[in-house]
Each structure stands twice: as structure tokens, then as C-alpha cells.
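*Asks:* Let me see the structure of the following:
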Amino acid sequence: MKRIEVLDEDNLTRLDVYLTSIIDESRSFIIKNIKNGNIKVNNNLVKSGYLIKSGDIIEINDLTIDTSIKKEDIPLDILYEDDHIIVVNKKSGMVVHPGNGNHEHTLVNALMGHTDDLSDEGGSERCGIVHRIDKDTSGILLVAKTNEAHKILSDDFANKRVKRKYLALVHGVIENSKGKINAPIGRSKTDRKRMCITDENSKNAITNFTVLERFKNATLLELVLETGRTHQIRVHMEYIGHPVVNDPVYGRRKIINDYGQMLHAKYLGFNHPVTHEFMEFSVEPEKEFNEILDMFKNS
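*Replies:* Coordinates of the predicted model:
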């Protein structure tokens, strides 16, 4: 069971509206679970329109998952597949799993159209999904086909046994060749869909970066995560004054086009959950990424 204490700034907000802002699910999904009694306030059954109060304890337990996810025939760039796992190169613009009104054209819809063998450890809306990257971040994702593989891989991610490297183009010229950002990340008080650096209700977050190339007004970085917080790289780069280029949420700069943030999950290294063989995968960014990169190289 998950317990959430309501803060002062959320006083007198509708329960369904509040939960939709902090849980990656649709409002109808939240309302359904309130009606089913899977969500309570102070151990009491309430209606979705209940106005939460500062100090209330919201209890969330065994959410009923929407099982109406459709199989879709969407092409996938599969880097590797066996009876236990799939390694896929996700395109920028594709949502990883259904939620918040996105119930079609997601990676999960595509995976379900590709195979009937996917773990349900994370529920049907997240079948197979061991970890995520943002909609407009491209790159490598690891998918589990069995519950056993899912549990092992989830534990490996939690215990930092999985190696991940990202590419990011950020605004401004970073003088240090290497750096470490150690700053806790939590949800913004003013915009519940944004994350921010805060000491309140936050989790530790550590990002390491190495400068690959410097341009007149930007820097190309390789980043290695020690933790996996929501929007971690994007929030950390904004925090040090070098937001990711083309980031519509954290960039606070002119958006070049609708491609999305210049962030690419380029490398993944992990131990196979069954054979225990160490496996490595690396992919180059999409042509749209390189086109924007060339703009800064030639400016």
C-alpha cells in the first residue's frame, strides 16, 4: 500500500484531480479505482470529488488496471529478442505505455501486436515494461517477456547493476570536461506535472556528465545516471543553467521544432536475467537529432 500525505498547497483540491496530477494514469482510471475502494482517505471510502485537506492521508492499494489495451501493428526497431527479453530502440515521440489519456499508439500497444509473451508484473498497461524513457526521448529500452525476467531486471535496475549512457545537447558552453550533479528531485509545488530540485518530498538524484564536443552556443554531453528519477537529466541540466536544447518543459529557451528534447538513450549494458551473460547495446540518434546537432555545429 502506498500512502501520500496531503501538503498545505494542495488543500481543498478534488481528490481525482490531485491524483491525476501525481500518478501517471488517466482521470477516468483514478475515478474507477476510487469507486472500487482501492483509494481511500484516512482509511475512509470517499467520492472522487472529495476535497482533500492538509494532513489527509491518501491510501492507494491494488489499483484495478484497464485491461482494454489494444494490440497494434506498429513497426518496432528490435535490437535483440529471445524467449525472455526484448531490446528495442524507441523513436522520439512514442509514449512508452498507456496513461494520462494515451491509450493508443504506445510502445506497449506495439509490443502487444508483436508478441503475446510479455510479463504482467507491472500490470496490463505496463506489460513488459521494466524501465521508461520520456515520450520525446529516443533510444534503448529493455522489455521483459516473463515475470521471472521482469523481477530480476527490476532488481538489477534498483541496485545499479544496469549501465546506461545518454547523449544530450545542452544550451551554453560547459567549461569543465567532467562533472557530477548531486541534487534531490521532487514534484513541483506550483506545477504537479513538472519536477524540480527540492529538499521537500524528494529523492536523491545523481547525474554524471562528460563533455564530448563544444560549439559556439551549445555543448554535446555523454551522461551516466546513478539514479533513475523522472525527468532527471532534463531537471539537472536546467538546474546548472544548461537546459537541454529543444526541451519544451525545462528548456526555457526558443524551441527549434517539434522534434522534442535533444536527449537520446544511446547505451545499455546488463546481465541477461537467465543466462547471466553481460550484454551491451548501443544505437546512434535519429536523423532529426543529427540535423539539429548540425545546426549548432555550423552556427
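*Asks:* From V87, how far out is the residue nearest to I23 when sequence neighbours are not counted?
*Replies:* The spatial neighbour of I23 that comes closest, neighbours along the chain excluded (C-beta to C-beta, 6 or more residues apart in numbering), is I30 at 6.8 Å. (C-beta placed from N, C-alpha, C; glycine too.) Distance from I30 to V87, counting by C-beta to C-beta, to the nearest Å: 33 Å.
*Asks:* More neighbours: these two, which one.
*Replies:* Remark: of I30 and V87, I30 carries more neighbours, 23 against 19, as counted by other C-beta atoms under 10 Å.
*Asks:* May I see the buried residues of the helix or strand harbouring Y166?
*Replies:* Using DSSP states H and E, Y166 falls within strand 163-171. Buried residues in strand 163-171, counted by 16 or more other C-beta atoms under 10 Å: 164-171.
*Asks:* want to throw the residues you listed into JSON lines with pLDDT and distance to E277?
*Replies:* What follows is the buried residues of strand 163-171, written out as JSON lines (pLDDT from 0 to 100; distance: C-beta to C-beta, whole Å):
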{"residue": "R164", "pLDDT": "95", "distance to E277": "18"}
{"residue": "K165", "pLDDT": "97", "distance to E277": "20"}
{"residue": "Y166", "pLDDT": "98", "distance to E277": "24"}
{"residue": "L167", "pLDDT": "98", "distance to E277": "26"}
{"residue": "A168", "pLDDT": "98", "distance to E277": "30"}
{"residue": "L169", "pLDDT": "98", "distance to E277": "33"}
{"residue": "V170", "pLDDT": "97", "distance to E277": "35"}
{"residue": "H171", "pLDDT": "96", "distance to E277": "40"}
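*Asks:* and which of those residues is nearest D134?
*Replies:* When those are compared for distance to D134 (C-beta to C-beta), Y166 wins out at 11.1 Å.
*Asks:* Give me the nearest residue to the closest one, chain neighbours excluded.
*Replies:* Using C-beta to C-beta, 6+ apart, the closest residue to Y166 is L223 (4.5 Å).
*Asks:* could you check the distance from the one you found over to I206?
*Replies:* Distance, L223 to I206, using C-beta to C-beta: 11 Å.
*Asks:* Which one's more surrounded, these two?
*Replies:* A side-by-side neighbour count of L223 and I206, using other C-beta under 10 Å, places L223 first with 23 against 16.
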